[in-house]
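A.B. asks: got a predicted structure plus its sequence, pasted below:
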Amino acid sequence: MYRKRTLADILIGLRNRLLHHFARHCFPSFIRVYFHRLRGVKIGKNVLIGLDVHIDDDGPERVVIDNNVFITTGCMLLTHQRDLSKYKKGDWIGSMPFKISGIHIKEGAHIGIGAIIMPGVTIGKGAVIGAGSVVTKDIPDYCVAVGVPAKVIREFEK
């Protein structure tokens, strides 16, 4: 069901979109981090966010990034997606509701170039996500996950 937006929703959305534009394209990284914090993203210390990283405009406050995380160029962090569990022939996809869920990237994780992190995912401490991967499920601590959908291919010893 489509949710009617109020004027306040629209103004907040415009503010988030404007700050997001600056955050995606400014230099250096600490300024990108600053703009994302203004949008409501919870970001720890010593975090690098690369150019053109998209953090969902619909719910930046649902994203938590711990200390010492690297999110490289061109990544997408999405906190909402269409729920297609009841979608059938003849339906209009735009009438399907959204699944809304946060993302947590734990300390020391590295997200490779162009990776996509889907709603509800937790990336474990020290985990490495390969370039171009689509992460649809939680990734444990200290491992490498690659592919579409991302699968763990290696675990590091502690």
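C.D. replies: Structure's in. What do you need?
A.B. asks: what about K137, distance to F70?
C.D. replies: Separation of K137 from F70 (C-beta to C-beta, to the nearest Å): 21 Å. In this view, the C-beta of every residue, glycine as well, is placed from N, C-alpha and C.
A.B. asks: quick one: which of those two has more around it?
C.D. replies: For K137 versus F70, neighbours defined as other C-beta atoms under 10 Å are more numerous around F70 (18 against 13).
A.B. asks: which ones are touching the residue of the chain positioned farthest from its centre?
C.D. replies: In the chain, G90 marks the outermost C-alpha relative to the chain mean, sitting 31.3 Å out by C-alpha atoms, centre = their mean. Not one residue lies near G90 by C-beta atoms under 8 Å, 6 or more residues apart in numbering.
A.B. asks: SS state for it?
C.D. replies: Under DSSP: H, G, I helix; E, B strand; the rest coil, the three-state class of G90 is coil.
A.B. asks: check what pLDDT it gets.
C.D. replies: On pLDDT, G90 comes in at 95.
A.B. asks: surely H20 touches D57?
C.D. replies: Yes - H20 lies in contact with D57 (C-beta atoms under 8 Å); the separation is 5.7 Å.
A.B. asks: of these two, which one has the most company?
C.D. replies: The residue with more neighbours, out of H20 and D57, is H20; 21 against 16, by other C-beta under 10 Å.
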